[in-house]
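Student: Pasting a predicted model and its sequence here:
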Amino acid sequence: MTDHTTNHTTDRTADPAVDRPTHQRGPVTLRGQLVPATTTDERLLGTDDGAWVHSDPWRVLRIQSEFVEGFGALADLGPAVSVFGSARIREGDPEWALGEAVARELVDAGYAVITGGGPGLMEAANKGAHEAGGVSVGLGIELPFEQGMNPYVDLGVNFRYFFVRKTMFVKYASGFIVLPGGFGTLDELFEAITLVQTGKVRQFPIVLVGTAFWSGLIDWLRSTLRERGLVGTHDVDLLQVVDDPAEAVRLVTRAAAELARQEREATSEAAAEGAE
Ligand SMILES: CC(C)=CCNc1ncnc2c1ncn2[C@@H]1O[C@H](COP(=O)(O)O)[C@@H](O)[C@H]1O
């Protein structure tokens, strides 16, 4: 906050409750030392050093614009599944082939493939989708060590903010397929499972691919978290673990089809009630 060094302002009013100079800025009340020395119009019309561009209110507008750009770019995507996985696993690794295969199966099932647009298994999935003739989407993130969008992304959107990008992964996908990975992958996995556990999204399938890689985590979730009552009895069952890419895609698409059926039913029930 700036402008708090003075106690005189033109649009100040006396507040009898506290008998102190008061300045109202929308929903924000400022008193005493915090009353700005200049009016909002003065500040808008005056010249300054441009520091306001780095202020939080301005940041909010940038965040808003990321949502608008993202929604605009992805609105017509059609059915899609988000695929997560390590940025560090390279071509030639068996898990790379898994990423490509999962994406190919998704395209064959009529789904677009959304990834983080980066290297590693994101690139494997984008490659699989691109080469199968499907829609290959990359939701990139601006990082200090810029890697750029992988070459197999056909529709790419770059985000400055992780949380805006995460919204897109959920909003435009019918489910998540999670390949082996590190902190980034775990972050995306636990974000998704929290949304399902808390009922923020309904019937959102989350399928982990690679039983050898994931079984240690699943055992720990069951033994430590579930036994201590830190998660519900059935919460760990929200995660399905498979080895076969085709099976992963079957599980996701079956759940998506079921959700679509329920939504159609709810819509026709609502229409029938409206007609009565
Ligand atoms: C080599 C390297 C660190 C590149 C970073 N470049 C990245 N570009 C795009 N998304 C990323 C990147 N790093 C992490 N992510 C996000 O986090 C996940 C991978 O993180 P991790 O490697 O498992 O932890 C991906 O699903 C992706 O959404």
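Tutor: Here it is on my side, so go on. Quick caveat, the model's predicted, so the values are computed rather than measured.
Student: mind listing the helices for the stretch 101-250 of the chain?
Tutor: Per DSSP state H, counting those that start in this stretch, the stretch 101-250 of the chain carries helices over the ranges 121-131, 162-171, 183-197, 211-220, 245-275.
Student: Contacts for the fourth one, please.
Tutor: Outside of helix 211-220, the residues within contact range by Cβ atoms under 8 Å, 6 or more residues apart in numbering are 95, 180, 208, 236, 239, 241-243. (C-beta placed from N, C-alpha, C; glycine too.)
Student: Out of those residues, which two are the most distant from each other?
Tutor: Across the contacts of helix 211-220, no pair lies farther apart than E95 and V236, at 23.1 Å, counting by Cβ to Cβ.
Student: could you flag which of the contacts of helix 211-220 are buried?
Tutor: Neighbour-count burial (16 or more other Cβ atoms under 10 Å) applied to the contacts of helix 211-220 gives 95, 180, 208, 236, 239, 241-242.
Student: now, which of the residues you listed lie within strands?
Tutor: 208, 239, 241-242 (DSSP state E).
Student: pull the helix or strand with minimum mean pLDDT from the protein.
Tutor: Sorting the helices and strands of the chain by mean pLDDT, DSSP states H and E puts strand 13-15 at the bottom, at a mean of 48.
Student: what are the pairing partners of the helix or strand following that strand, and which direction each?
Tutor: The first helix or strand that comes after strand 13-15 along the chain, using DSSP states H and E, is strand 20-25. Counting by DSSP bridges, the strands paired with strand 20-25 are strand 13-15 (antiparallel), strand 28-31 (antiparallel).
Student: for strand 20-25, which positions count as buried?
Tutor: Here strand 20-25 shows 21-23 as buried, counting by 16+ other Cβ under 10 Å.
Student: and the one residue sitting closest to the centre of the chain, how far is that from D76?
Tutor: Nearest to the mean C-alpha position of the chain, counting by Cα atoms, centre = their mean, stands K166 at 1.0 Å. Distance, K166 to D76, using Cβ to Cβ, to the nearest Å: 21 Å.
Student: Spell out the secondary structure type for R59.
Tutor: helix (DSSP: H, G, I helix; E, B strand; the rest coil).
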